[in-house]
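Peer 1: Below are the sequence and a predicted model; questions follow.
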Amino acid sequence: MASTHLCHQISRPPQGRTVSFSRLTAAKPAGISLPTHKHVRNNRSLAVRTQTRLKRALRLSIVDQSPPTSTVDMKQLVNFLYDDLPHLFDDQGIDRTAYDDQVKFRDPITKHDSIGGYLFNISLLKNLFRPDFQLHWVKQTGTYEITTRWTMVMSFILLPWKPELVFTGTSVMDINPATGKFCSHLDFWDSIQKNDYFSLEGLWDVIKQLRIYKTPDLETPKYQILKRTANYEVRKYSPFIVVETNGDRLSGSSGFNDVAGYIFGKNSAMEKIPMTTPVFTQAFDADKSKVSIQVVLPLEKEMSSLPDPDQEGISLRKVEGGIAAVSKFSGKPMEDVVQEKEKVLRSNLIRDGLKPKMGCLLARYNDPGRTWSFIMERSTNMAGGVFARLVP
């Protein structure tokens, strides 16, 4: 697999009032925020409610007036969700007493109209997919409305290859003012446009992720997926160390033998270092005239404990991590293919309101027994992606 990357902030809610079901904001957030989909609903009552919220958003954006005061302690409910939602799929589970008996749940392919159905859906996902639910933020977005942003990574255990499914999005949760409990929970996925139930686009998004798709079972840099769209992912990377030297072009192999030699024992301690993935080639300028080829070192390694390279032109560098946008693809990483993938990724990011930095990376994955032939002969046994870093 190959990929391309770019960066921004998503770990906390945007500053100022944001309104669900629209892209209107009363204040510009600091950093780079992820645009929200416009959700279309077929249900008439939901459509009326959406229209009302949009009118309120326009009114607020023009005259900057405050929304009606809630009779429910919304701040307490926000804090409650921060504490409760991380238990969605663990043994403790969520606090069912916080929900009305007739709570309505909708996502693009599922609906339930009772607390029993709501809890059944959670149990089904837990037993079939082993979900890892990651809560990014919780924010009041209406008088009796709270919105959350999340990532959910799942593995479908019934299939032999145990495919990984990733969903990111927002949940809009309405509160019943009479009871102070949650009366509806609507999920919106970043990866599709038609989020109304029943969404064939949503079903196809699930099916596509069940395909057999595997990269080498080797250590790789750690990252968290903040947003997954139909065209790219936004990831937050932890720091890692690379050994690098000058390359010739993004899709090229010049210098690979030298950096691979370092981990195979050509260093001051003659230490053999475990193989990792991917192999990066990085362009630092717009015309891609300056290129570096890099091999990632095991995550437990520290700069102070690594042996020095014994070849001129080879160096060690700590990559501080950050946020990057990634476009994945398979096939031969020919230069024209890589250039086109990077161009499309950059165009998609700018369209979505994100600001890519100059330069990009190509990440290449392959069976370690074939890495040399792949790099030198451009074997078809690979997959990879193009990375573009985002302006914070």
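Peer 2: Yes, it's here.
Peer 1: So in this structure, where's the weakest helix or strand by average pLDDT?
Peer 2: helix 371-377 (a mean of 31; mean pLDDT, DSSP states H and E).
Peer 1: can you give me how far the next helix or strand after that helix is from the chain middle?
Peer 2: As assigned by DSSP states H and E, the chain's next helix or strand after helix 371-377 is strand 383-389. Here strand 383-389 is found 13 Å from its chain centre; the criterion is C-alpha atoms, centre = their mean, to the nearest Å.
Peer 1: Remind me what strand 383-389 packs against, helices and strands.
Peer 2: strand 2-3, strand 322-330, helix 335-351, strand 360-365 (3 or more C-beta pairs under 8 Å, 6 or more residues apart in numbering; DSSP states H and E). (Each C-beta comes from the backbone N, C-alpha and C, glycine too.)
Peer 1: how about the strands in the stretch 151-300 of the chain?
Peer 2: Per DSSP state E, counting those that start in this stretch, the stretch 151-300 of the chain carries strands over the ranges 164-176, 181-189, 223-228, 233-237, 240-246, 279-283, 291-296.
Peer 1: quick one: average confidence on the last one?
Peer 2: Per-residue confidence for strand 291-296 averages out to 96 on the pLDDT scale.
Peer 1: coming back round to it: single out the most deeply packed of the helices and strands packed on strand 383-389.
Peer 2: A comparison of the helices and strands packed on strand 383-389 by mean neighbour count, using mean count of other C-beta atoms under 10 Å, puts strand 2-3 on top with a mean of 29.
Peer 1: Show the average pLDDT along that strand.
Peer 2: In the prediction, strand 2-3 has an average pLDDT of 52.
Peer 1: With stretch 258-278 instead?
Peer 2: Averaging pLDDT along stretch 258-278 gives 96.
Peer 1: Name the residues that touch that stretch?
Peer 2: The contact list for stretch 258-278, computed with C-beta atoms under 8 Å, 6 or more residues apart in numbering, reads 3, 215-216, 218-220, 243-245, 293-298, 301, 307-311, 313-314, 363-366, 368, 371-372, 384.
Peer 1: ends of it, how far apart?
Peer 2: From its first residue to its last, stretch 258-278 covers 16 Å (C-alpha to C-alpha, to the nearest Å).
Peer 1: and what of stretch 249-262?
Peer 2: Using C-alpha to C-alpha, the span of stretch 249-262 from its first residue to its last is 21 Å.
Peer 1: Equivalent analysis for stretch 293-313, please.
Peer 2: Terminal residues of stretch 293-313 are spaced 12 Å apart (C-alpha to C-alpha).
Peer 1: Can you convert the strands of the stretch 151-300 of the chain into TSV and add a column each for mean neighbour count and distance to Glu271?
Peer 2: TSV is the format used below for these (neighbours: other C-beta atoms under 10 Å; distance: least, C-beta to C-beta, whole Å):
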stretch	mean neighbour count	distance to Glu271
strand 164-176	20	33
strand 181-189	21	46
strand 223-228	20	27
strand 233-237	23	26
strand 240-246	21	12
strand 279-283	24	20
strand 291-296	24	14
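Peer 1: Let's have the ones you listed in CSV, adding distance to Met334.
Peer 2: Shown next, in CSV, are these (distance: least, C-beta to C-beta, whole Å):
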stretch, distance to Met334
strand 164-176, 28
strand 181-189, 33
strand 223-228, 26
strand 233-237, 23
strand 240-246, 21
strand 279-283, 13
strand 291-296, 15
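Peer 1: between the ones you listed, which gets nearest to Lys355?
Peer 2: strand 233-237 (12.4 Å; C-beta to C-beta).
Peer 1: returning to that earlier point: nearest to Gln134, out of the helices and strands packed on strand 383-389?
Peer 2: Ranking the helices and strands packed on strand 383-389 by proximity to Gln134 (C-beta to C-beta) places strand 322-330 first, at 14.8 Å.
Peer 1: mind saving the C-alpha coords of that closest one as CSV?
Peer 2: Backbone C-alpha positions of strand 322-330 (Å, rounded to 0.1, in the frame of the first residue of the first chain) are rendered in CSV as follows:
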residue,chain,number,x,y,z
GLY,A,322,2.0,15.6,13.7
ILE,A,323,-1.2,15.5,11.6
ALA,A,324,-1.1,14.3,8.0
ALA,A,325,-3.6,13.5,5.3
VAL,A,326,-3.2,10.1,3.6
SER,A,327,-4.4,8.7,0.3
LYS,A,328,-3.9,4.9,0.0
PHE,A,329,-3.5,3.0,-3.3
SER,A,330,-2.2,-0.2,-4.7
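Peer 1: Give me the helices and strands touching that strand, please.
Peer 2: Judged by 3+ C-beta pairs under 8 Å, 6+ apart, strand 322-330 is in contact with strand 2-3, strand 233-237, helix 335-351, strand 383-389.
Peer 1: Can you give the distance from the second one to the centre of its chain?
Peer 2: With C-alpha atoms, centre = their mean as the basis, the distance from the averaged C-alpha position of strand 233-237 to the chain average is 5 Å.
Peer 1: Quick one, which of the strands of the stretch 151-300 of the chain gets closest to Asp113.
Peer 2: strand 181-189 (9.7 Å).
Peer 1: so what strands line up beside the closest one?
Peer 2: In the sheet, strand 181-189 lines up against strand 99-107 (parallel), strand 164-176 (antiparallel) (DSSP bridges).
Peer 1: Tabulate those in a markdown table, adding columns for mean pLDDT and distance to Glu233.
Peer 2: Converted to a markdown table, these look like this (pLDDT from 0 to 100; distance: least, C-beta to C-beta, whole Å):
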| stretch | mean pLDDT | distance to Glu233 |
| --- | --- | --- |
| strand 99-107 | 98 | 20 |
| strand 164-176 | 98 | 8 |
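Peer 1: Of these, which is nearest Lys357?
Peer 2: strand 164-176 (22.0 Å).
Peer 1: Much appreciated, bye for now.
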